[in-house]
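Peer 1: Give me a model of this one.
(4 chains)
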2 protein chains.
Amino acid sequence: MARPAKRKKLSERGLQLVARRFKVLSEPARLKLLMALEQGEQHVSALMELTGLTQGNVSKHLGILMEAGMVDRRKQGLNAFYFIADQQILDLCELMCAKLEQDFSKDSAHFR
Amino acid sequence: MARPAKRKKLSERGLQLVARRFKVLSEPARLKLLMALEQGEQHVSALMELTGLTQGNVSKHLGILMEAGMVDRRKQGLNAFYFIADQQILDLCELMCAKLEQDFSKDSAHFR
DNA sequence: TTACTATATCACGATATAGTAGTATTCAAG
DNA sequence: CTTGAATACTACTATATCGTGATATAGTAA
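Peer 2: Residues are numbered from 1 along each chain as shown, chains lettered A, B, ... in the order given. As a prediction, the model looks like this:
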């Protein structure tokens, strides 16, 4: 009984919504932004520096992250300070990352 | 101290790999297939019935899931039985789903 | 107002991927 | 060996989205 958990059935619409969320995380640029925000809020120019992305690109991806409710922003004068709105998102990324590592170590074991 | 966890920095390549995994989960058709496989292995024709997808489409998406190591297959005669290779993937989906629900209920609370 | 800065948005070319239709392959039965 | 069934693969079209460059907007300062 390794997996007794009960899972709910998702409707077509539910699947679509879940898929859409995963898609937001399926872009290296956005993951990079999330990681840059991990230590605290940053304004756009700082994020450009931290990520190496262009201004328009940063702004666009932040917009996508914000629409997904993953980040939020606080405006102050000319600056816009973005911050992670939902720490659980980071947990998801970490989980995925851990799984990747585990898979790799499993595969590499075949050569030892 | 709500979040004392230490997170490793990911290289550009690492980000790319994580993003790629999320992308595999960012397609309703693939999520549907994973859910259909939740209760046990299924052969392709059964998956066509369960998901309503066409044969070529099912085969293609299963290929993508397999390449990502999320499902695996066992051949028996003419049939190919696919099964979930990594239960942790389902946990990820469930987490995302739970987060969605939570966000929705939070938003809808503003109207009560 | 005018000028400057930070950010957002728009338009566009390039690329990627979903779905489909048709074809190829593989196995089993006769 | 031939036929039929289950699955995989290939070629194609349509759509979506990334990155970029140009422009628009909003706040600040002189």
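Peer 1: Does DNA strand D have contacts with the helix or strand encompassing A:Ala19?
Peer 2: Using DSSP states H and E, A:Ala19 maps to helix A:12-24. Yes. Using C-beta under 7 Å from any atom of the strand, helix A:12-24 reaches DNA strand D at A:Lys23. Glycine gets a C-beta too; all of them are placed from N, C-alpha and C.
Peer 1: Run the angle between the next helix or strand after that helix and helix A:12-24 for me.
Peer 2: Remark: after helix A:12-24, the chain's next helix or strand is helix A:28-36, criterion DSSP H and E. Angle of helix A:28-36 versus helix A:12-24, following axes from the mean of the first three to the mean of the last three C-alpha atoms, to 10 degrees, is 70 degrees.
Peer 1: For helix A:28-36, buried residues please.
Peer 2: Using 16 or more other C-beta atoms under 10 Å in any protein chain shown as the test for burial, helix A:28-36 gives A:28-36.
Peer 1: Tell me where the model's unsure across chain A.
Peer 2: Judged by pLDDT under 70, chain A has its weakly predicted residues at A:1-8.
Peer 1: the helices in it, which residues?
Peer 2: Under the criterion DSSP state H, chain A contains helices at A:12-24, A:28-36, A:44-51, A:55-67, A:87-108.
Peer 1: residues making contact with the longest one?
Peer 2: Going back to what we said before, that points to helix A:87-108. With contact meaning C-beta atoms under 8 Å, 6 or more residues apart in numbering or on different chains, helix A:87-108 is reached by A:25, A:31, A:34, A:38, A:70, A:84, B:2-3, B:5, B:7-8, B:10, B:14, B:17-18, B:21-22, B:69, B:86, B:88-89, B:91-92, B:95-96, B:99.
Peer 1: PyMOL command for the buried members of those?
Peer 2: Per 16+ other C-beta under 10 Å, the buried members of those correspond to this PyMOL selection:
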select buried, (chain A and resi 25+31+34+70+84) or (chain B and resi 10+14+17+18+21+22+69+86+88+89+92+96+99)
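Peer 1: I'd like the distance from stretch A:45-57 to the chain centre, please.
Peer 2: Put simply, stretch A:45-57 sits 16 Å off its chain's centre (C-alpha atoms, centre = their mean, to the nearest Å).
Peer 1: circling back to that earlier point, could you point out which of the helices of chain A sits nearest B:His110?
Peer 2: The closest of those to B:His110 is helix A:55-67. By C-beta to C-beta, the value is 17.3 Å.
Peer 1: got the angle for the closest one vs helix A:12-24?
Peer 2: Going by the same axes, to 10 degrees, helix A:55-67 is angled at 140 degrees with respect to helix A:12-24.
Peer 1: Which elements pack onto helix A:55-67?
Peer 2: For helix A:55-67, the packing partners by 3 or more C-beta pairs under 8 Å, 6 or more residues apart in numbering or on different chains; DSSP states H and E come out as helix A:28-36, helix A:44-51, strand A:71-76.
Peer 1: try 10 Å this time
Peer 2: For helix A:55-67, the elements it packs on are helix A:12-24, helix A:28-36, helix A:44-51, strand A:71-76, strand A:79-84, judged by 3 or more C-beta pairs under 10 Å, 6 or more residues apart in numbering or on different chains; DSSP states H and E.
Peer 1: With chain B as the reference, name the closest of the ones you listed.
Peer 2: Closest approach to chain B among the helices and strands packed on helix A:55-67 is made by helix A:12-24 (3.6 Å; C-beta to the nearest C-beta).
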